[in-house]
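A.B. asks: quick check, what structure comes out for this input:
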Amino acid sequence: MQVAKNTVVTLQYRVTDSDGNLVDEGHEPLVYLHGGYGGIFDKIEETIQGMDAGAKFDVRLQPDDAFGDYDAELVMIEPRNLFPDNIEVGMQFERGTEEGDDDGELYTITDIAEDKVVVDGNHPLAGMVLVFSGTIAEVRAASDEEIAHGHVHAPGGHHHH
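C.D. replies: Next up is the predicted model:
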């Protein structure tokens, strides 16, 4: 079966940066509903459209195609006393905008000084060229329910959070 709109595609994949360093080893296969539902980067969908199960592919993703350009304005310096004592560089936390807003931006602590903490709201892969190498492991027709919901339902039922 070929990859087409409203098929469920299973990819074995790895992601490296432009220098060949491993970014994501892809321990778990990626399963998504194909056809512009936002389950995977558009450039990958465009590349594998019409391919058969078993096909291999490599896609170079420019920052625009992946996690966006690095935005220096998302780097902020905050007073140290806003943070708990046990913070470390590399820790991530969400900044919600409103109480109960759960899609706050994810910030990474990049530097800790005596009275200041530098936090970076860019995605860790922002500004990077990524190479997505994959094999199409499986292609199946999506169910009507999956198409209606716009995403894949795992075997064994589906729970909305």
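A.B. asks: which regions of this structure lie under the pLDDT threshold?
C.D. replies: 96-104, 155-161 (pLDDT under 70).
A.B. asks: domain assignment for it?
C.D. replies: Following automatic domain parsing, the chain resolves into domains at 7-66+126-149, 72-120.
A.B. asks: these into TSV, with extra columns for distance to M1 and mean neighbour count?
C.D. replies: Heads up, the C-betas are built off the backbone N, CA and C, glycines and all. Formatted as TSV, the domains of the chain follow (distance: least, CB to CB, whole Å; neighbours: other CB atoms under 10 Å):
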stretch	distance to M1	mean neighbour count
domain 7-66+126-149	4	15
domain 72-120	35	12
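A.B. asks: contacts only, for R60.
C.D. replies: Contacts for R60 (CB atoms under 8 Å, 6 or more residues apart in numbering) come out as 18, 129-132.
A.B. asks: following the helix or strand hosting it, which helix or strand comes up?
C.D. replies: In this structure, R60 is located in strand 56-61 according to DSSP states H and E. Note on strand 56-61: by DSSP H and E, the next helix or strand toward the C-terminus is strand 75-79.
A.B. asks: quick one, helices of this structure?
C.D. replies: For the chain, helices defined by DSSP state H occupy the ranges 42-48, 144-149.
A.B. asks: show me how far the strand holding R60 is from its chain's centre.
C.D. replies: The chain centre lies 16 Å from the centre of strand 56-61; the measure is CA atoms, centre = their mean, to the nearest Å.
A.B. asks: sheet partners, orientation included, of it?
C.D. replies: Sheet pairing of strand 56-61 (DSSP bridges) gives strand 130-141 (antiparallel).
A.B. asks: identify the residues contacting the partner strand?
C.D. replies: Residues outside strand 130-141 that contact it (CB under 8 Å, 6+ apart) are 1-3, 6-18, 20, 23, 26, 29-30, 41, 44, 48, 51-61, 66.
A.B. asks: CSV for the contacts of R60, including distance to V119?
C.D. replies: Converted to CSV, the contacts of R60 look like this (distance: CB to CB, whole Å):
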residue, distance to V119
S18, 26
V129, 25
L130, 24
V131, 29
F132, 28
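A.B. asks: between those, which sits nearest L106?
C.D. replies: L130 (18.0 Å; CB to CB).
A.B. asks: any idea how far that closest one is from F93?
C.D. replies: 24 Å (CB to CB, to the nearest Å).
A.B. asks: and if you look at I87?
C.D. replies: According to CB to CB, I87 stands 9 Å off from F93.
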